[in-house]
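A.B. asks: Just to be clear, the model below is a prediction. Sequence and coordinates:
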Number of protein chains: 2
Amino acid sequence: VIPEGFLFSAVNSGIKPEKPFDLGLIFVPEGAVAWGVFTRNTVKAAPVILGKKILQKHSVVKGILANSGVANACTGKEGLEAAQKVLEAAQRILNIPSGALLPASTGVIGDPLPVEKIIKSLPELIKGLSPERAKDFAQAITTTDTFPKIVQKTFQGVNILGIAKGAGMIAPNMATMLAFICTDAMVERSWLKKALSKMVESTFNSISVDEDTSTNDTVYFLASCKRKVKNLSGFRKACEEVMRELAYLIVKDGEGATKVIRVLVKGARKKQEARELARAIATSLLVKTAFYGGDPNWGRIFAAMGKTGIPFQPERVELFLNEIPWIKNLTLVTEERILAEEMKKEEVTLTVHLKKGRARAEFLSSDLTEEYIRINAHYRT
Amino acid sequence: VIPEGFLFSAVNSGIKPEKPFDLGLIFVPEGAVAWGVFTRNTVKAAPVILGKKILQKHSVVKGILANSGVANACTGKEGLEAAQKVLEAAQRILNIPSGALLPASTGVIGDPLPVEKIIKSLPELIKGLSPERAKDFAQAITTTDTFPKIVQKTFQGVNILGIAKGAGMIAPNMATMLAFICTDAMVERSWLKKALSKMVESTFNSISVDEDTSTNDTVYFLASCKRKVKNLSGFRKACEEVMRELAYLIVKDGEGATKVIRVLVKGARKKQEARELARAIATSLLVKTAFYGGDPNWGRIFAAMGKTGIPFQPERVELFLNEIPWIKNLTLVTEERILAEEMKKEEVTLTVHLKKGRARAEFLSSDLTEEYIRINAHYRT
């Protein structure tokens, strides 16, 4: 069920003529409590700078205007003015005040935002608004994505809809991730401000994209406040679930990826240690290529962990592949042939048990393939 | 000219039957003042643990026994005992005391060192010792390298010979780098201890391999003290030059690489900032693939710099490609067609001028290609 109060639309504005849509609008006529989490990259795209400002001034907004094809990053003052111009034009036609729309862009860095093309397309975009067009909106924000990413969930009568894009999947990478969470839940803004960072930490920031914040990474959360939430922590979990599923879809659609690798580090002394180790494994090119090739070359996993500088005893560490025991006391405990077969699956879980404590962390990653190179060497993204 | 006092040998011991040599020996019958710099990975291979210990006890050694094919890492106590055993066997035949030989290994992590094969080959290895066989030794330590790496230099009558291996070239990576510097210079050990770390910092630690210290990375420096050094700082520069050329050869031979990318960041306020920015650019997969594809997609360079969190003003930054002006005030100042053509060269220099101060740093990198994936997905390294 689509959250109450939300309308969606999408058009092709001519930025990317080969795509069905390249410009999208989410509109909440009666307004939504809003908050956002943004990239930590010191080079921030114009829509990120602007979006932050808007959310600092306004706690209620009326929607999001998003485009693909051009990131509007490294575009200086002109870029900020361009972003402002298209928002103002849309706000005029919608007859809503300045600061009511949030901006988002993804695509090539350095190119100017095609302001005229976008403004020309606004009447058609706004005319097309409908509660049924979330999928078209999701399509409009894709870049190298091979499928639009939408996740829906209803929790105790409250609806949550998440839309995301992102495909450059490998660290160190800078592919933009955009995610918009729409819900008809009634939430306080103070709650949302705190909760959103936490939810992002265990979902979008736990995929191998995270350490390489792009210039444009943005998560917006809009709540139309149409339905009461009885169980706030349950609602938060449901939102987190939506975000986790979106994060999973982003990894699954990783550029050139053939599989999702779930790295679970457990038995750590501290959560932070578990996280760092999981990240080091999940982002190691040699681990990613080994999973691609179906080579149970476990030394690469230990070497990746060692890079972190976190002390651990290799002799005590146990490895499991989809719950099949792999390494114990530095010795192979299952035939390589069986492990190699298991690695070929489209979804693999690597469990690393440190046997030091009770903390754990999970990281999602994808494998690294020739196709990733082709996409990034020969197409401009 | 080969440094006085050094003998070299190599054999095939059967670890890697397809290679001409897989076991090598450097022997200095009258001894050499020695020091080493090792990996910072918390998972240290047996030869690294042992080599460190030997150098802490002994300031003079008589040589290095090195093998390829097996890294002797993640092999626990047995690995240490195995490394010790082969050294002792060699020392017995050479009739030199315990602690006189340094160990080095490179190859697959986790496999046990084939002690018997190595010990059986020692008589032939030792019989083959000659001042003329440095090239065979260099061949013996290669793994995925496509050529052995040797650099020779004579400075004011003093000879320096450097031998290295290393090919996995991309960060985050864990390919082992071994480098052995042999000289007939007379140097104090206290000088060597200080000087070696500094020389390594600006050479082997300024290629994109460095942040991903493998389990086995080792640089040994042996000085036979046969010739007096008149100009110590000049000698140090000559040694650094040898190491810089070896580092260059390692990058040039990067797995699957088609070109060497020299990233020079200048106009920084601090050396450390210049270094971090250069490293961030040099290790970015998107930058590497763009150079491979000959795509002057400069936004990726700015985004890679932004990842560091170091503040800079994109508007002030100027980019140059082999001294051709590329970006000024966020605007392309040379036709893309010309830049794309320039990027296709086998050696490209990307200069980033920050216009903030006078500090600079250089980093060497290679491009990222489909061939890298093939090597690391489908061959066990």
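C.D. replies: Sure thing, it's come through. Numbers count the residues shown, from 1 in each chain, chains lettered A, B, ... in the order given.
A.B. asks: Now do A:Val209, the pLDDT please.
C.D. replies: A:Val209 is assigned 48 on the pLDDT scale.
A.B. asks: actually A:Glu370, sorry about that
C.D. replies: For A:Glu370, pLDDT reads 86.
A.B. asks: Over to the one 5 residues further on?
C.D. replies: According to the predicted model, the pLDDT of A:Ile375 comes to 77.
A.B. asks: element containing A:Lys62?
C.D. replies: Assigned by DSSP states H and E, A:Lys62 belongs to strand A:60-70.
A.B. asks: just checking, what packs against that strand?
C.D. replies: If contacts are counted by 3 or more CB pairs under 8 Å, 6 or more residues apart in numbering or on different chains; DSSP states H and E, strand A:60-70 sits against strand A:23-38, helix A:76-94, strand A:101-108, helix A:134-140, strand A:178-185, strand A:218-227. For the C-beta atoms, the positions are set from N, CA and C on the backbone; glycine is no exception.
A.B. asks: hmm, 6 Å instead?
C.D. replies: Judged by 3 or more CB pairs under 6 Å, 6 or more residues apart in numbering or on different chains; DSSP states H and E, strand A:60-70 is in contact with strand A:23-38, strand A:101-108.
A.B. asks: Please say whether there is contact between the first one and chain B.
C.D. replies: What it means is strand A:23-38. No: Strand A:23-38 does not reach chain B (CB under 6 Å from any CB of the partner chain); its nearest approach is 12.5 Å.
A.B. asks: can you give me how far that strand is from the chain middle?
C.D. replies: What separates the centre of strand A:23-38 from the centre of its chain is 17 Å, taken as CA atoms, centre = their mean, to the nearest Å.
A.B. asks: interface residues of the stretch 251-381 of chain A facing chain B?
C.D. replies: Going by CB under 6 Å from any CB, the residues of the stretch 251-381 of chain A near chain B are A:284-286, A:289, A:292-293, A:295, A:297-299, A:302-303, A:306-307, A:309, A:311, A:314-315, A:330, A:369-370, A:373, A:376-378, A:380.
A.B. asks: ok so, going back, CA atoms of the strand holding A:Lys62 as PDB?
C.D. replies: Output in PDB follows, covering the C-alpha atoms of strand A:60-70 (Å, rounded to 0.1, in the frame of the first residue of the first chain):
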ATOM      1  CA  VAL A  60       8.000  20.300   7.100                       C
ATOM      2  CA  VAL A  61       8.400  20.000   3.300                       C
ATOM      3  CA  LYS A  62       6.200  19.100   0.400                       C
ATOM      4  CA  GLY A  63       8.300  16.900  -1.700                       C
ATOM      5  CA  ILE A  64      11.500  16.000  -3.600                       C
ATOM      6  CA  LEU A  65      12.600  17.000  -7.100                       C
ATOM      7  CA  ALA A  66      15.200  14.600  -8.400                       C
ATOM      8  CA  ASN A  67      17.100  14.100 -11.600                       C
ATOM      9  CA  SER A  68      19.600  11.600 -13.000                       C
ATOM     10  CA  GLY A  69      22.300  12.100 -15.700                       C
ATOM     11  CA  VAL A  70      23.900  15.100 -14.100                       C
END
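A.B. asks: now that strand, how far from the chain's geometric center?
C.D. replies: With CA atoms, centre = their mean as the basis, strand A:60-70 stands 16 Å off its chain's centre.
A.B. asks: Show me what stretch A:12-24 is in contact with.
C.D. replies: A:10-11, A:66-70, A:114, A:117-118, A:121, A:136-137, A:139-141 (CB atoms under 6 Å, 6 or more residues apart in numbering or on different chains).
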